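Novice: give me a model of this one.
(chains A and B)
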Amino acid sequence: MNATKNARLQVGVLFLIILLCGCATPQTQKILQAIPENLPAQIELTDVPFYPQETYQCGPAALATALNFSGARITPSDLIAQVYLPAREGSLQVEMLAATRRNGFLAYEIAPKLEDLLVEVAAGTPVVVLQNLGLSWLPKWHYAVVVGYDLPRQEIILRSGLTQRQVLPFTTFEHTWARSAHWAMLVLPAGNVPRTATEAGYIKAALALEKNITSEEAIDVYQAALKKWPENLTAHIGLGNAFYAQNDKALAENIFRQATLKHPQSAIAFNNLAQTLFDDRRYVEANSAATQAVSLAQADGGEALSSAQQTLQQINKKMLRADLCQSTLSGTVSISRKGRIRANKRGQSISKSRGAPGKTLDNAGCAE
Amino acid sequence: MNQNFIRTTGRILILSMLSLGLPLQSVQAAIIGADKVTVSTQGQFDRERIRNIIEREDVRSALEKQGIDARTAHARVDALTDEEVQRVAGKLDQLPAGGDVLGVLLTVFVVLLVTDILGFTKVFPFTRSIQAR
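Specialist: Prediction:
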């Protein structure tokens, strides 16, 4: 009697679970109904290495899989200190992203779409996914790496846990993946742009990576961005700054100048151009760029204002010193009431006559 | 009680050190970082920065509570972007942590076994979904 009651209860619970866990797999249906044109019917990245996970450590294992495929030389145990949380017996998504960058690779979260995931795999990039292998109220969180798929057979192929080649039906994969809100990330060498990348998404990933890599690698990262999105302001500034950090002032100037032409409202572009010109001792040009930067920053109330004011100040200081020197030589100096030099006109006329812009004030022998 | 005191003192120290840092920073070379392109206004930036410093401190202490030693926790928080810190601050122990936890009770075992076979879950390595061809 009691046993049947129990059995009924269990069946009831089971029924409820099936109702609750959501049985639809809309993304799978969508793909299978209309297979996107440029998607190959099947692909498997057999070169992706396999690191059988030790207890609970699928985070380090999945990350090592993707990192090594992208060219890193690192073992899961090296990554434990970077991503594993002993008390949670697992790894957080943000730390998977952060650890990727710490090792010098671009971490990119793709859109939560099965189609994008397949496109990336087809483009030759394994995709790290977070799955909930259990149920929403009984979670069993797990990282795995998608390395292939087969559309006719409706199967997806993963490196997962202790299984080197796990083959899951699309629908099962979608059920487990949907519970993590379709979270997936890519691990790419600096300078690679994901096939499905959005402009904002890539720039965000690039900025986050920037502080973990050399300026030489940063050049690759931003040049790749400009190749795909030639107008992007952040990429211009990032590229210019990387050249500046490498002490390649001519290239930095060139990039900042392009930025001011494409984004005449950017105080940052003008400010960084001014600083680069200043370093090159072309004070007159620097002054006009810095003046523009200050007035733009004042107009938009942006964060650049204090930096721009400072840039202008240091240029003015330098010019004042040089100008006073000059005045003892030529006897002409014009200083406004506020102490600012009317250097633009005069400086330009001087530089014209000497044919070497910017260097003129130093040539007077008074600089420093 | 004691921990609260330490935390409050820590926050005050952070804020005072931050205010020390503000004028100092403005002496450096005037190249502006690419990350500032998307920041809108100065006031907003300052507020964000202060909030982020507090949140970073929260995440760091939460990491230590999870069994990470102090120095490692510091490096790990440093590796997060401001936005990522915001994503985890205050809820580190509730967020999904991928790790393959096997601690399933017996009744639940049966349920999961069935859902595995139906293809809704994939808890057990030995199950084969009826949806697989």
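Novice: which parts of the helix or strand harbouring A:Gly240 are buried?
Specialist: Per DSSP states H and E, A:Gly240 falls inside helix A:233-245. Neighbour-count burial for helix A:233-245 flags A:233-244 (criterion: 16 or more other C-beta atoms under 10 Å in any protein chain shown). C-betas here are computed from N, CA, C, even on glycine.
Novice: and chain B, which of these reach it?
Specialist: Filtering the buried residues of helix A:233-245 for proximity to chain B (criterion: C-beta under 8 Å from any C-beta of the partner chain) leaves A:233-235, A:237-238, A:241, A:244.
Novice: that older thread, got the angle for the next helix-or-strand element following the helix holding A:Gly240 vs helix A:233-245?
Specialist: The helix or strand immediately downstream of helix A:233-245 is helix A:249-262, counting by DSSP H and E. Going by axes from the mean of the first three to the mean of the last three C-alpha atoms, to 10 degrees, helix A:249-262 is angled at 160 degrees with respect to helix A:233-245.
Novice: who touches helix A:249-262?
Specialist: A:231, A:233, A:236-237, A:239-241, A:243-244, A:266, A:269-270, A:272-273, A:276-277, A:279-280, A:289, A:292 (C-beta atoms under 8 Å, 6 or more residues apart in numbering or on different chains).
Novice: which helices and strands does the helix or strand that it is followed by pack with?
Specialist: As assigned by DSSP H and E, the chain's next helix or strand after helix A:249-262 is helix A:267-279. Packing partners of helix A:267-279 (3 or more C-beta pairs under 8 Å, 6 or more residues apart in numbering or on different chains; DSSP states H and E): helix A:233-245, helix A:249-262, helix A:283-300, helix A:305-330.
Novice: okay, angle between helix A:267-279 and helix A:233-245 too, please.
Specialist: 20 degrees.
Novice: please work out the average pLDDT along helix A:267-279.
Specialist: Mean pLDDT, helix A:267-279: 95.
Novice: so how far is it off the chain centroid?
Specialist: Remark: helix A:267-279 is offset 24 Å from the chain centroid, using C-alpha atoms, centre = their mean, to the nearest Å.
Novice: A:Arg165: what secondary structure?
Specialist: strand (DSSP: H, G, I helix; E, B strand; the rest coil).
Novice: pretty sure it sits against A:Glu155.
Specialist: No. Between A:Arg165 and A:Glu155 there is no contact under C-beta atoms under 8 Å: 11.0 Å.
Novice: of the two, who's got more company?
Specialist: Neighbours per residue (other C-beta atoms under 10 Å in any protein chain shown) separate A:Arg165 from A:Glu155, with A:Glu155 holding more: 18 against 13.
Novice: so that one versus A:Asp323, what's the distance?
Specialist: A:Glu155 sits 76 Å away from A:Asp323, going by C-beta to C-beta, to the nearest Å.
Novice: can you list the low-confidence ranges for chain B?
Specialist: Within chain B, the ranges that satisfy pLDDT under 70 run B:1-2, B:12-29, B:39-45, B:100-107, B:131-133.
Novice: ok, the residue positioned nearest the centre of it - contacts?
Specialist: In chain B, the residue lying closest to the centroid (C-alpha atoms, centre = their mean) is B:Val88, at 3.4 Å. Applying C-beta under 8 Å, 6+ apart to B:Val88 gives the contacts A:92, A:94, B:59, B:80, B:95.
Novice: and A:Lys30, by the same measure?
Specialist: By C-beta under 8 Å, 6+ apart, A:Lys30 lies in contact with A:114-115.
Novice: okay, and it sits in which element?
Specialist: Going by DSSP H and E, A:Lys30 is part of helix A:26-33.
Novice: got the buried residues for that helix?
Specialist: Across helix A:26-33, burial judged by 16+ other C-beta under 10 Å covers A:27-28, A:31.
Novice: pretty sure A:Pro189 sits against A:Leu67.
Specialist: No. The criterion here is C-beta under 8 Å, and A:Pro189 misses it with A:Leu67 at 10.0 Å.
Novice: between those two, which contacts overlap?
Specialist: The contact lists of A:Pro189 and A:Leu67 share A:Phe105, where a contact means C-beta under 8 Å, 6+ apart.
Novice: neighbour count winner among the two?
Specialist: In terms of neighbours (other C-beta under 10 Å), A:Leu67 is the more surrounded of A:Pro189 and A:Leu67; the figures are 24 against 14.
Novice: ok so, going back, export the contacts of B:Val88 to CSV and tack on secondary structure and distance to A:Ala252?
Specialist: Shown next, in CSV, are the contacts of B:Val88 (DSSP: H, G, I helix; E, B strand; the rest coil; distance: C-beta to C-beta, whole Å):
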residue, secondary structure, distance to A:Ala252
A:Leu92, strand, 38
A:Val94, helix, 33
B:Val59, helix, 36
B:Leu80, coil, 29
B:Leu95, coil, 41
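Novice: and those residues, which two are the farthest apart?
Specialist: B:Leu80 and B:Leu95 (12.9 Å; C-beta to C-beta).
Novice: higher neighbour count, these two?
Specialist: Between B:Leu80 and B:Leu95, counted using other C-beta under 10 Å, B:Leu80 has the larger neighbour count: 25 against 15.
Novice: state the distance from the more buried one to A:Gly148.
Specialist: Taking C-beta to C-beta, one finds B:Leu80 at 32 Å from A:Gly148.
Novice: kindly report the same for A:Val221.
Specialist: For A:Val221 relative to A:Gly148 (C-beta to C-beta), the value is 28 Å.
Novice: who has more neighbours out of those two?
Specialist: Neighbours per residue, other C-beta under 10 Å: of A:Val221 and A:Gly148, the larger number sits with A:Val221, 26 against 21.
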